[in-house]
Each structure stands twice: as C-alpha cells, then as structure tokens.
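K.L.:
just to be clear, the model below is a prediction. Sequence and coordinates:
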Amino acid sequence: MKKYLLSLTALCLAIGLFAQEAEQTPSPWSCTGVVGLNASATGLVNWAAGGNNNVNGVAFGKVRLLFNEDNLSWETNLNVEYGLSYIDQKYDPFQKTSDVIDFKTKFGWQFHKSWFLTAAAGFKSQFDLGRAYDGSEAEDPIVSKFLAPSYTDISVGIDWKPNSIFSVYLSPVAGQITTAVVGDHMEAKHEGLRQQMQEKYATWTYSKEGNADGTYDKIYKNFKAELGLTLKGAINYTYKDLKIITSIGLFTPYAWDKTEMFDAEKNFIGYRDNNRRFGNFDVDWDAAISYQFLKCLNVTLSTSLKYYNGVKIADKEGVMAERVQFKSILGLGVGYSF
C-alpha cells in the first residue's frame, strides 16, 4: 500500500512540476488587433443652410498574428473594412464609402541578429461593387468589384526586424499579379464592362505586330503578371489603449520599353509599356490609429494613399490621367482591442 501511495505522490508531483513549467514557458504565438463599428447620423428639419438627413456606418477589423521561436518568424496581418452611407435623397440613397480586403503574410529564417531570409505574399481587393455616384436617375457606372481590381504579390527577400514593432523588407525577386476579372453573367448584364475594367486597371498590352497604318491594337486580359523589385516598411505599435498600425509598399517592374505609340491620326497616345517600367514606383501606404476608452468605445483614424503607374483616373472634367488616390476615415464607435 505504501508503494502505491509513494508512486501516486511522485506522479502528482511530476504532473505539478510539468504544469508549472508549462505555465512559465511563454507561447511562441501572439495575437493583437482591433475590431469595431463606427457610426454617425445627421438629422435636419427646416435647415436654412440646406443638406440631407444621413446615416453612416463603417465596420472594420485589423488583426496581427505573430509566431517567433528559435530562428523562425511568421507574421500575418489581415485588414478588412466595409462602410455604407444612407442619404435621404431620391437617387442613390445608399452609397458605399469604404471597402477593403488586405491580407499579408511573411515567413522568415533568422540568419544574423535582426536579419531574416524571408518569403512573403499578399492579396488586396474589395468585397462589393463600387460605383461612380452622380445623383442622377440613370444607373451609376460600375468602377470596381471583387477581383476587379485585385493585387496579388509573392516575393523572396531580406527582412530587417530590430524589434517586434518595426520592419523593413527588400526583395529583388517580386512577382505582382493585377486582375480585372468580370464574369460572363455580369458582362451580359453590363455590356462592355469587362473591357472598361481592363482598360481602367491596365491589364492590357499592345500587340507585337503593328497594323498597316502604323498603329497597334490593345490586347485585353483578365490579369497581368509582372516581375520586379519591392520595398516595404511596417510599424505596429501598442501602448496601453493606443494602437498605431502603418505600412508602405513600393513596387517597380523589370521592364523598359519607351516606344512611342500613335493613333491613326498620328497623335501621341503614350508609351508601349504604359509607364510600367523600372524606376516608376507604385506606392501603397496605409495607416490606422485607434484609441480605446471606457472599455468598449474607440476613436479611429484610418488613411490610405495609392499611386499606380498606368492606372488612369478621370477628374471632374473627364480628363484621364495617372493620379494620387487618397482616402481618410475618422470615426467614433464601439470597438474591442486585444
């Protein structure tokens, strides 16, 4: 009997010591983020200065998952956002204000102090149809949808991470795929939409063989793949109830063809490479600041700046040109930080 008691006691002590050691051993995994809903409403009655009643809402989520063990590091970031606005007016009462899918992941092997040999991938698109609202009775033109556009990148390079807050990534072998996919059903419903999307997001190329009049035809595709160089930087900082998340990405393709292109009237219409050449950088910058108070309320400010060579945007006069895109959202709402 004593032997059984001694054996049971030893077993209990061993389990207790193992459990205590497991509790003291930190997990290689960590997860931080913020999710929430920002909303605002404006009501007007006999307002002399004019205006319309409106309700606005933006749902968002930003999650960062980290794995660090021995010489291995794996970081994954997901940013999703969707916003709608209701305006008390006859045409276009419901309007989309924000729509983001942004996924990034990178896996690295530490070969020297803060330096990692890294493989990275990312995907950007949107959930819903985007329209150019003009407030008229006519149906608003579609300007974006899921996978039109989308940007997928895969690369291998060197990542410098002096700490868990800041990182800089350089890849001389970076692939980028731009898509402008419009299904047959949507094309049948909106004739010409596929070509409009492919023109807008520059997934076309000029034909190799020219026509008799010296012009070249455009070949429209669902996607365009490019090989180039990319440079990325990121900051992810948390102090008590304050979170600051920002990232910037630069990409330039390994291409160079400045052959001048002309129309049938001999008017210059651009270069053969559509400005998609080495040294011309695409810029993609996102930033978000979130502060949580009273446990469930937060204030968030998010901004995005984008510039894509070859992607032309019309101004108020309808003139098409490459332009800087900028968006900012300031909101107060219900949220949870972790």
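P.N.:
That came through fine.
K.L.:
so Gln196, which of the three states?
P.N.:
helix (DSSP: H, G, I helix; E, B strand; the rest coil).
K.L.:
before we move on, which element is the most centrally placed residue in the chain in?
P.N.:
Nearest residue to the geometric centre of the chain (C-alpha atoms, centre = their mean): Asp102, 3.5 Å. Here Asp102 sits within strand 94-112, counting by DSSP states H and E.
K.L.:
Asn211 contacts Asp217, correct?
P.N.:
Yes - using C-beta atoms under 8 Å, Asn211 is in contact with Asp217, at 6.9 Å. Using the backbone N, CA and C atoms, a C-beta is placed for each residue, glycine as well.
K.L.:
contacts for stretch 146-154, please.
P.N.:
119-128, 174-182, 197, 201, 230, 251 (C-beta atoms under 8 Å, 6 or more residues apart in numbering).
K.L.:
buried ones only from those, please, as a PyMOL command.
P.N.:
In PyMOL, this line selects whichever of the contacts of stretch 146-154 come out buried by 16 or more other C-beta atoms under 10 Å:
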select buried, resi 120+122+124+125+126+174+175+176+178+179+180+181+182+197+201+230+251
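K.L.:
report the separation between Phe166 and Ala39.
P.N.:
Distance, Phe166 to Ala39, by C-beta to C-beta, to the nearest Å: 33 Å.
K.L.:
got the contact list for Asn53?
P.N.:
So Asn53 contacts Thr42, Gly43, Leu44, Ile87, Asp88 (C-beta under 8 Å, 6+ apart).
K.L.:
looking at these, which has the most residues close by?
P.N.:
Ile87 (18 neighbours; other C-beta atoms under 10 Å).
K.L.:
related to what we said a few turns ago, show me the contacts of stretch 146-154 that map onto strands.
P.N.:
Among the contacts of stretch 146-154, the ones falling in strands (DSSP state E) are 119-125, 174-179, 230, 251.
K.L.:
out of the residues you listed, which comes closest to Gly331?
P.N.:
Proximity of the ones in strands among the contacts of stretch 146-154 to Gly331 (C-beta to C-beta) peaks at Lys124, which lies at 21.5 Å.
K.L.:
is it true that Glu199 lies in a helix?
P.N.:
Yes - according to three-state DSSP, Glu199 belongs to a helix.
K.L.:
what's the closest non-adjacent residue to Tyr237?
P.N.:
Nearest residue to Tyr237 in three dimensions, chain neighbours excluded: Ile244, at 4.5 Å (C-beta to C-beta, 6 or more residues apart in numbering).
K.L.:
so what sits opposite that neighbour in the bridge?
P.N.:
Beta-bridge pairing of Ile244 under DSSP bridges involves Tyr237, Ile289.
K.L.:
contacting residues around it?
P.N.:
Going by C-beta under 8 Å, 6+ apart, Ile244 touches Ile235, Asn236, Tyr237, Thr238, Ala287, Ala288, Ile289.
K.L.:
closest to Trp109 among the residues you listed?
P.N.:
Asn236 (20.7 Å).
K.L.:
check contacts around the closest one.
P.N.:
Residues in contact with Asn236 (C-beta under 8 Å, 6+ apart) are Thr32, Arg64, Asn77, Ser164, Ile165, Ile244, Ile245.
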